[in-house]
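Asker: only the shape, not the letters, is given here:
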């Protein structure tokens, strides 16, 4: 007969192990293996003491990884063998509060199939209850105030559980065991329908049904969702969509859409297997899908855009709403353009006055704004373009030791990040810091993220640009401050996204970033090796007449580019649509501006090159939203794909490679005068930009290449670049979890602080 010698094992686990059903999993696993002891949450993760046979304890450790819940992620396990103490059962303990808070906060999770069955089962006590959840789904980041993740530390603390919910919560065999937002109609949050003055004229299911009727009638509904308000209208109703545009102040930027089913999405869009998986994933992001030639969506929902941003219902409330409507809706952020989304119903009444016709609200407080994430599939891989619901806060493992640090990001698509205990934690998307409200939201997110982890930074990192509001905020903290050049931060963010520590050539292309030489960078090839940073190549400079005005008016960018080539003769090139878009007075003013170099900063920006060509080809003269001109150029190139490229030149001034775009522009003008269709020219131009990347990479000689910056949201460009570099034997790294746009800047700033990067030296510029 085998003699069992008891041993005790202490296990500390760090990672995504709170709010994912990890403790119930441990409880059941211990029962399977006849182990006694306990499991509990701690500010660092999960702590376990298990006592029993040595072989069973070893199997227990093996199964922690093999059988863990689907949403769990184990970053680190610390094991310590101890003498037995004689535990008689296995229990789930109350959470500990000692030690630094390093556990990972789980993002909000889309409704699981089991909870979906509950809300549509007429015999279930949660039938049509819009706040149903379990340990496998529901709100997390949007309701947590601090770690550890227990009900008392969330906005659900104001809802005492009823007897039945408490029994579920305390039953280890129930999937709602320690589900912190657990609730039902008797004890949990409820719906109300308000008019524009906050008067209640419907509650519970009656409120939802009345709201659905209003949407069917073409009215604008403000819906308090998971991480903030959404504005909802019938996406098929062109008049309703145009009305929303006018009231919200959003002229042409595409709206996000929500469909009631995947089958309905297929009727309007082309959906690949990977896009399908994204739509039905626990993250349930907005996914950019190509439109079918015939679809049911009003043209005003995404004017001039061959893609739709599509999502499926991700909360019980959305499922119930879409079950009643059965048609696609616009589900856009509940804000005025330039402001953060509203998260409080009384705030929404004031800020959305004159926008919404009625308000479907609930009484569960939202701890922080969390917008919908946006993802695009390129070359078979998903790329997060907006990091928010389902993904944030995003933990990124850091290479090397990281001191407690706050990074405040850039000016556009702002997000912040904190660093501690070997990880960077990237916040959700905040938005452009163009308004007082957006600036206050940025400060609030920085405080909120710090509060969760009881975090006190020892330093702060900002962009190199002194006039960004984020940079000014960093200066006001009185902490030791480091500034990181914008495009260096982009490259470092891509390296962190790929856990890359080897030498790399970062291709950092976007619209704007101040360089140490006081010019506007944006078409950069940056080599990083350890702490060393070298600007290896960039585009030839050209002026932006009017400065920031040229960013909003691609026709000005085109004029600056053409002036560099043709001088004053450009004002007589009346065949060009860029010139035609100005009236005589505007041209007279700009002639003086260009001649005297007034408010015309020099730039190397690849993003501005895309804008200029878009204007020259007549696609976009004045942008109604950021990136519009480049997007129109991309889409035009997809319609008339060409194999050919244009000629370009690369000069070596002895220290740096200069890419001369003048031959490209001359060829484009020649093609235009020769009657070549604009879509074909757009395709050739983007082919050329990809060829430039391959040519410079070959000259620099670095085998690892990182593609970063907003230009690599362009599917046509990115996929062509990847094919060219792959074929030439280079190892190509792209963004996945961290956005390639300025939403990833904060993570790059954290990496720079961790590596104590050397400041990039200003290079002599070729004018």
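Answerer: Arrived safely, thanks for sending. From a predicted model like this one, the values you see are computed outputs, not experimental measurements.
Asker: partners of the lowest-mean-pLDDT helix or strand in the chain in the sheet?
Answerer: Ranked by mean pLDDT, DSSP states H and E, the weakest helix or strand in the chain is strand 394-397, scoring a mean of 82. When pairs are called by DSSP bridges, strand 394-397 turns out to pair with strand 423-426 (antiparallel).
Asker: which one's the longest helix in this structure?
Answerer: helix 678-700 (DSSP state H).
Asker: ok but residue 377 is inside a strand, no?
Answerer: Yes. Residue 377: assigned to a strand according to DSSP: H, G, I helix; E, B strand; the rest coil.
Asker: what helix or strand is residue 636 on?
Answerer: Under the criterion DSSP states H and E, the helix or strand holding residue 636 is helix 628-639.
Asker: state the mean pLDDT of that helix.
Answerer: Here helix 628-639 scores 96 as its mean pLDDT.
Asker: buried ones in that helix?
Answerer: By 16 or more other CB atoms under 10 Å, the buried positions in helix 628-639 come out as 628-637. All C-beta atoms are positioned from the backbone trio N, CA, C, and that covers glycine.
Asker: and of the residues you listed, the nearest to residue 405?
Answerer: Of all these, the one with the least separation from residue 405 (CB to CB) is residue 630, at 32.9 Å.
Asker: care to break this structure down by domain?
Answerer: Split into domains by automatic domain parsing, the chain comes to 6-92, 191-374.
Asker: deepest of these, which one?
Answerer: Comparing those by mean neighbour count (mean count of other CB atoms under 10 Å), domain 191-374 ranks first with a mean of 20.
Asker: give me the phi and psi for residue 341.
Answerer: Residue 341 adopts backbone torsions of phi -70, psi 150, taken as degrees, to the nearest 10.
Asker: ok, it touching residue 334?
Answerer: Yes. Residue 341 lies in contact with residue 334 (CB atoms under 8 Å); the separation is 5.3 Å.
Asker: hang on, the earlier thing: quick one: contacts of the least confident helix or strand of the chain?
Answerer: Contact with strand 394-397 is made by 16, 75, 104, 387, 422-426, 496-497, 499, 737-738, 747, as judged by CB atoms under 8 Å, 6 or more residues apart in numbering.
Asker: among these, which one is most surrounded by other residues?
Answerer: Most neighbours among those, by other CB atoms under 10 Å: residue 747, with 34 neighbours.
Asker: what residues are up against it?
Answerer: Shown in contact with residue 747 (CB under 8 Å, 6+ apart): 396, 407, 417, 424, 426, 492-493, 496-497, 738.
Asker: in the stretch 551-700 of the chain, what spans have low per-residue confidence?
Answerer: Applying pLDDT under 70 to the stretch 551-700 of the chain flags no residue at all.
Asker: skipping adjacent residues, who's closest to residue 121 in space?
Answerer: Spatial nearest neighbour of residue 121, excluding adjacent residues (CB to CB, 6 or more residues apart in numbering): residue 127 at 6.0 Å.
Asker: returning to that earlier point: in the contacts of residue 747, find the pair that's most separated.
Answerer: Spatial extent of the contacts of residue 747 (CB to CB) is set by the pair 407 and 497 at 14.9 Å.
Asker: on the three-state scheme, the spatially closest residue to residue 75 that is not a sequence neighbour is what?
Answerer: In this structure, residue 75 finds its nearest non-sequential neighbour in residue 15, 3.8 Å apart by CB to CB, 6+ apart. Here residue 15 is strand, with the state taken from three-state DSSP.
Asker: surely residue 15 and residue 73 touch.
Answerer: Yes. Using CB under 8 Å, residue 15 makes contact with residue 73 at a distance of 4.7 Å.
Asker: now do the shared contacts for residue 341 and residue 334.
Answerer: Overlap of the contact sets of residue 341 and residue 334 (by CB under 8 Å, 6+ apart) consists of 228-229.
Asker: so who does the residue nearest to residue 631 when sequence neighbours are not counted touch?
Answerer: Among residues not flanking residue 631 along the chain, residue 305 sits closest, at 7.4 Å (CB to CB, 6+ apart). Going by CB under 8 Å, 6+ apart, residue 305 touches 254, 631, 635.
Asker: any idea how far the first one is from residue 671?
Answerer: When you say that, I think you mean residue 254. With the distance defined as CB to CB, to the nearest Å, residue 254 ends up 29 Å from residue 671.
Asker: if we can go back for a sec, save the contacts of residue 305 as TSV, and put in distance to residue 584 too.
Answerer: Below are the contacts of residue 305 laid out as TSV (distance: CB to CB, whole Å):
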residue	distance to residue 584
254	35
631	30
635	32
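Asker: on that earlier part again, keep only those of the contacts of residue 747 that are in strands.
Answerer: 396, 407, 417, 424, 426 (DSSP state E).
Asker: nearest to residue 312 among those?
Answerer: Among the ones in strands among the contacts of residue 747, residue 426 lies closest to residue 312 (CB to CB), at 24.6 Å.
Asker: in terms of pLDDT, where does the closest one sit?
Answerer: We have a pLDDT of 93 for residue 426.
Asker: once you drop chain neighbours, what's closest to it?
Answerer: Distances taken as CB to CB, 6+ apart put residue 394 closest to residue 426, at 4.3 Å, once the chain neighbours are dropped.
Asker: gap between the one you found and residue 415?
Answerer: According to CB to CB, residue 394 and residue 415 sit 9 Å apart.
Asker: could you check which of the two is surrounded by more residues?
Answerer: Higher neighbour count among residue 394 and residue 415: residue 415, with 32 against 24, using other CB under 10 Å.
Asker: residues in contact with that one?
Answerer: Counted by CB under 8 Å, 6+ apart, residue 415 has contacts 387, 409, 426-430, 445, 743-746.
Asker: which members of these are the farthest-apart pair?
Answerer: 445 and 744 (15.6 Å).
Asker: more neighbours: which of those two?
Answerer: Legend: neighbour count by other CB under 10 Å for residue 445 and residue 744, higher for residue 744 (33 against 23).
Asker: looks to me like that one is in a helix.
Answerer: Yes. Counting by three-state DSSP, residue 744 is found in a helix.
Asker: I'd say it and residue 735 touch.
Answerer: Yes. In terms of CB under 8 Å, residue 744 counts as a neighbour of residue 735; the distance is 6.7 Å.
Asker: which residues are common contacts for the two?
Answerer: Contacts common to residue 744 and residue 735, judged by CB under 8 Å, 6+ apart, are 493-494, 497, 708.
Asker: just to revisit the earlier point, what sits in contact with each of residue 15 and residue 73?
Answerer: With CB under 8 Å, 6+ apart as the test, residue 15 and residue 73 both reach residue 104.
Asker: and residue 112, how close does it get to residue 313?
Answerer: Between residue 112 and residue 313 the computed distance is 13 Å (CB to CB).
Asker: now residue 111
Answerer: On the measure of CB to CB, residue 111 and residue 313 end up 7 Å apart.
Asker: tell me the pLDDT of residue 448.
Answerer: If you check residue 448, the pLDDT there is 89.
Asker: on the three-state scheme, the spatially closest residue to it that is not a sequence neighbour is what?
Answerer: Nearest non-adjacent residue to residue 448, counting by CB to CB, 6+ apart: residue 368, 5.0 Å away. Of the three states, residue 368 takes coil under three-state DSSP.
Asker: correct me, but residue 368 touches residue 141?
Answerer: Yes. The criterion here is CB under 8 Å, and residue 368 meets it with residue 141 at 7.4 Å.
Asker: any shared contact partners between these two?
Answerer: Shared contacts of residue 368 and residue 141 (CB under 8 Å, 6+ apart): 227, 428.
Asker: follow-up on the earlier one: quickly find the element holding the residue nearest to residue 121.
Answerer: Assignment of secondary structure by DSSP H and E places residue 127 within no helix or strand.
Asker: ok, it to residue 115 distance?
Answerer: Residue 127 is 12 Å from residue 115, where distance means CB to CB.
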